[in-house]
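[1] Sharing a model that was predicted from the sequence below.
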Amino acid sequence: RKSLPPGPVPIPFFGNFPHVSFKVDHNILDKLAKTYGNIYTLWLGHKPVVVLHGFPTVKEGLTTHADDVAGRMNTPFFQRIANGKGIFFSSGVIWKHERRFGIATLRKLGLGNKGIERGIQVEARHLMEFFQISCCALDPAYPIVLAVSNVICTVVFGHRFSLEDETFQKLVKALHFFTDFANSTSQILYDICPWLMRHLPGPQQKVFVLCDFIHSFVRKEIRIHKERGKIDDPEDFIDYYLFQMTENNAMYKHDEDNMVQSVFDLFLGGTETTATTLRWALLYMVAYPDIQEKVQQELDAVLGSSQSIWYEDRKRLPYTHAVVHEIMRFCSIILIGLPRETVRDTTLLGYPVPKVQGSKVTLSCHLLSYVSPVFSPCKPFEFDPGHFLDEEGNFFCREAFLPFSTGFRLCLGEQLARMELFIIFCSLLQTFRFTLPDGVKEADTQCILGSTVQPRPYRVCAFLR
Ligand code: HEM
């Protein structure tokens with residue numbers, strides 16, 4: 001304990017959970033950083049978690065010894081979900097190979113031949129149809145999440161689902177329940193005393209049933225792919241994976257359990273995150289109508305009435321591109337990154353952080369905190385696309401912009417997410433003018449904390465332009 005960065009004194013069994021009221025939020029993290037500095041230790045039950053606070057600390061902590069901090073915390077909950085397989089919750093050899101395969105396959109499927117972009121355009125069109133039919137006072141949350149989930153379906157299964165398909169709707173709801181459960185008090189209690197929580201009624205029972213449902217949904221799709229036998233001409237993630245499994249001379253054997261979990265992880269990583277960002281995007285557009293109008297003027301001037309929007313268009317749309325970045329920065333949907341784990345003894349900003357070998361209880365991990373990113377000399381707490389524009393109005397990205405994290409475990413779907421956000425956002429704004437419903441005077445931009453930082457449910461009107 002002596003060697004770790006400072007932090008509040010833990011109490012037996014619960015550690016510092018009472019200090020963070022069993023739920024971490026922006027204010028608590030800020031307060032702790034003010035007291036203990038930008039790197040501090042929190043004991044979550046019997047596990048020390050080293051928290052990196054703010055951009056310079058996160059950057060240095062995750063990149064100076066990037067390899068040392070590339071493990072993933074294996075909590076009882078994660079273990080029950082993934083059993084150390086796939087990409088998200090795995091570490092070591094499995095993680096390296098599954099991640100490498102995932103990145104390579106996404107690249108083959110999309111970038112270059114515009115394959116994934118077409119899938120995104122299709123979903124953008126379905127979403128627009130939805131807005132056109134129910135144009136007034138609608139809550140965009142569910143249609144957006146359906147669109148984004150269908151993008152992942154196209155990538156991994158090679159086809160989309162009708163929005164009325166009940167099994168698809170069940171999949172989307174199951175993923176939503178899962179992400180809601182993560183970072184909830186029930187999940188925290190499960191990780192402290194899994195032996196007890198396993199037998200008690202509560203959301204933890206439901207989450208496991210739903211996870212099993214998602215796994216069997218994926219297994220069914222794999223079975224269909226196998227029966228179709230198109231392995232020599234791969235068209236989607238499962239095709240590529242099945243092809244890889246036939247490579248007998250490979251050092252690492254890809255197997256079906258890892259495939260199921262990797263597909264699960266693509267859904268998990270790619271659904272709630274992108275959907276939540278798009279929900280914030282529409283909310284900010286009604287909250288800042290001047291900015292919405294400026295985006296529309298740029299879209300009209302540059303694209304005219306062009307039907308399809310491509311990711312490449314961002315280069316001709318500096319203001320819109322800056323707005324998309326400002327949305328991501330301002331909503332900061334990832335409050336604390338998915339906890340990492342040190343895979344060997346290391347030092348973080350001068351503090352020795354040990355990997356306690358062989359111990360069942362003590363692991364050194366760290367959380368990221370993106371709160372108060374350094375955006376000097378700008379005003380970080382104001383929504384201003386100017387944060388990403390130079391004096392001539394050209395787009396530029398800032399080093400402190402890290403919504404996808406950094407280091408060896410940075411988001412695997414960054415490229416896909418960027419494409420989705422840009423194409424769907426531009427398509428919607430090109431077609432509709434978004435306003436608050438009659439009688440609502442001000443947009444509510446307060447947030448709800450779950451595993452992502454979400455807007456409160458809201459309604460908008462979408463008028464054809
Ligand atoms: C706005 C959208 C998104 C945001 C803000 C986001 C953010 C993140 C962050 C912060 C991490 C944790 C990295 C770390 O441990 O340091 C992560 C991991 C991950 N993301 Fe994303 N993500 C987004 C979209 C996506 C999409 C579309 C996919 C899938 C295609 C995806 C797949 C993953 C996966 C598989 C990981 C785990 C990587 C690993 O452990 O090696 N994400 N993401």
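    Perfect, thanks for sending it. Numbers count the residues shown, from 1 in each chain.

[2] what number of residues lie near Pro457?
    A count of nearby residues for Pro457, using other CB atoms under 10 Å, gives 11. Yep, even glycine has a C-beta here, placed from its N, CA and C like the rest.

[3] so it sits right up against Ala141, yeah?
    Yes: with contact defined as CB atoms under 8 Å, Pro457 counts as touching Ala141 (6.5 Å).

[4] Would you list the phi and psi of Glu341?
    Main-chain dihedrals, Glu341, degrees, to the nearest 10: phi -140, psi 140.

[5] do the same with Pro455
    phi -70, psi 160.

[6] need the contact list for it.
    Remark: with contacts taken as CB atoms under 8 Å, 6 or more residues apart in numbering, Pro455 is in contact with Thr276, Arg279, Trp280, Leu283, Cys331, Asp444, Thr445, Gln446, Cys447, Ile448.

[7] Let me know the pLDDT of it.
    Turning to Pro455, the model gives it a pLDDT of 95.

[8] And Gln187, by the same measure?
    Model confidence at Gln187, given as pLDDT, is 85.

[9] Quick check: which element contains it?
    Secondary structure assignment for Gln187, by DSSP states H and E: helix 185-192.

[10] So which elements touch that helix?
    Helices and strands touching helix 185-192, by 3 or more CB pairs under 8 Å, 6 or more residues apart in numbering; DSSP states H and E, are helix 76-82, helix 194-197, helix 203-228.

[11] do that again at 6 Å, thanks
    Using 3 or more CB pairs under 6 Å, 6 or more residues apart in numbering; DSSP states H and E, the elements in contact with helix 185-192 are helix 76-82, helix 203-228.

[12] In the shortest one, which residues are buried?
    Looking back up the chat, that one is helix 76-82. Neighbour counts using 16 or more other CB atoms under 10 Å place Pro76, Phe77, Phe78, Ile81, Ala82 of helix 76-82 among the buried residues.

[13] right, is the next helix or strand after it up against the ligand?
    Heading C-terminal from helix 76-82, the first helix or strand you meet, by DSSP H and E, is helix 92-109. Yes: counting by CB under 6 Å from any ligand atom, the ligand has neighbours in helix 92-109: Arg99.

[14] buried set for helix 92-109?
    Neighbour-count burial for helix 92-109 flags Ile94, Trp95, His97, Glu98, Arg99, Phe101, Gly102, Thr105, Leu106, Leu109 (criterion: 16+ other CB under 10 Å).

[15] ok, now stretch 63-77?
    In terms of neighbour count (16+ other CB under 10 Å), stretch 63-77 has its buried residues at His65, Asp68, Val69, Ala70, Gly71, Arg72, Met73, Asn74, Thr75, Pro76, Phe77.

[16] Sitting in strands, which of these do you find?
    Gly71, Arg72 (DSSP state E).

[17] of the buried residues of stretch 63-77, closest to Ser162?
    Distance to Ser162, by CB to CB, is smallest for Phe77 among those, at 33.1 Å.

[18] so what's the closest one up against?
    Contact partners of Phe77, counting by CB atoms under 6 Å, 6 or more residues apart in numbering, are Gln187, Tyr190, Asp191.

[19] For whatever residue of the stretch 151-300 of the chain ends up closest to the ligand, list the residues it contacts.
    Taking CB to the nearest ligand atom as the measure, the point where the stretch 151-300 of the chain comes nearest the ligand is Gly269, at 2.5 Å. Going by CB under 6 Å, 6+ apart, Gly269 touches Gly413.

[20] again with the one 5 residues further on
    Taking CB under 6 Å, 6+ apart, we find Thr274 in contact with Val148, Ala417, Glu420.

[21] Please name the nearest non-neighbouring residue to the second one.
    Pointing back at Ala417 there. Take Ala417 and drop its neighbours on the chain: the residue closest to it by CB to CB, 6 or more residues apart in numbering is Thr274, 5.3 Å away.

[22] List phi and psi for the one you found.
    Torsion angles at Thr274 (phi, psi; degrees, to the nearest 10) stand at phi -70, psi -40.

[23] From Glu420, how far out is it?
    Per CB to CB, to the nearest Å, Thr274 is found 5 Å from Glu420.

[24] Nice, that's everything, thank you.
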